[in-house]
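Engineer: here's a sequence, model it:
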Amino acid sequence: MPENKDIKKIVAKNLANLRKNKKITQTELAEQFGYSDKAISKWENGDTLPDIQTLYQLCEFYNVTLDFLVNEQSFEDKIKYINHLNRKIIINNSLIELLYCSFVWVLAVIIYVYLFTFSSINYWQIFIWALPGTSIVMLFFTKVWKNKLYTFIVRSIFFWTLITACYVQFIEYNIWPLYFLMIPVQIALILTIAINDKLKIIK
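Structural biologist: The predicted structure follows:
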């Protein structure tokens, strides 16, 4: 464990390396957290330390732990470990998401087989409805991934598949104009991302 007098220098070095690894300037980081670039410079020079809440926010921003910041092990080794850990988390979360999505299709198969076996109803449309059902499951995982592009794609898929399912289900009513609804919906989804980015800059 490093002596207290060295903690500032260790944290400062790690903060500077993390920022450079993320390829952002001190000014950009300052805007992100509402500080001046001089404050960021002091952190990275070891003159001062951010308060514990800001340190926690920095860890979330860089996707590291507090232990990472106070550890003087080589930065490259720590980054390799973090990347390895992140890959394992991504694989694990992906498998969990696939498992939950598969439940939707298992349910769809059960409903189809039941109706076909006991009522002689060939309700193949259930598999079309399984598409927006799968999208709903994926929407829950957008909170896990916290990725704007993934969230945008999943939301778009949900609305497109929902309208498609409605169209297929009620095809005899010739409701294809429903697809025109996707024009304002798609624009709204794009604007949502743009507005969120603007709000982050303002903050």
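
Engineer: three-state assignment of the nearest residue in space to residue 156 that is not next to it in sequence?
Structural biologist: Spatial nearest neighbour of residue 156, excluding adjacent residues (C-beta to C-beta, 6 or more residues apart in numbering): residue 189 at 6.1 Å. (Glycine included, C-beta is placed from N, CA and C.) Reducing the assignment at residue 189 to three states with DSSP: H, G, I helix; E, B strand; the rest coil gives helix.

Engineer: where in the chain is pLDDT low?
Structural biologist: The model of the chain has pLDDT under 70 over residues 1-5, 75, 196-203.

Engineer: go ahead and flag the most central residue of this structure.
Structural biologist: The chain has residue 146 as the residue nearest its centroid, 1.7 Å off, counting by C-alpha atoms, centre = their mean.

Engineer: what about that residue, distance to residue 60?
Structural biologist: Residue 146 is 10 Å from residue 60, where distance means C-beta to C-beta, to the nearest Å.

Engineer: which helix runs longest in the chain?
Structural biologist: helix 75-119 (DSSP state H).

Engineer: in the helix or strand just after it, which residues are buried?
Structural biologist: Next helix or strand after helix 75-119 toward the C-terminus (DSSP states H and E): helix 126-145. For helix 126-145, a neighbour-count test (16 or more other C-beta atoms under 10 Å) marks 126, 128-135, 137-138, 141-142, 145 as buried.

Engineer: can you count the residues close to the residue nearest to residue 136 when sequence neighbours are not counted?
Structural biologist: What sits nearest to residue 136 in space, not counting adjacent residues and going by C-beta to C-beta, 6+ apart, is residue 158, at 6.7 Å. If you count neighbours by other C-beta atoms under 10 Å, residue 158 ends up with 19.
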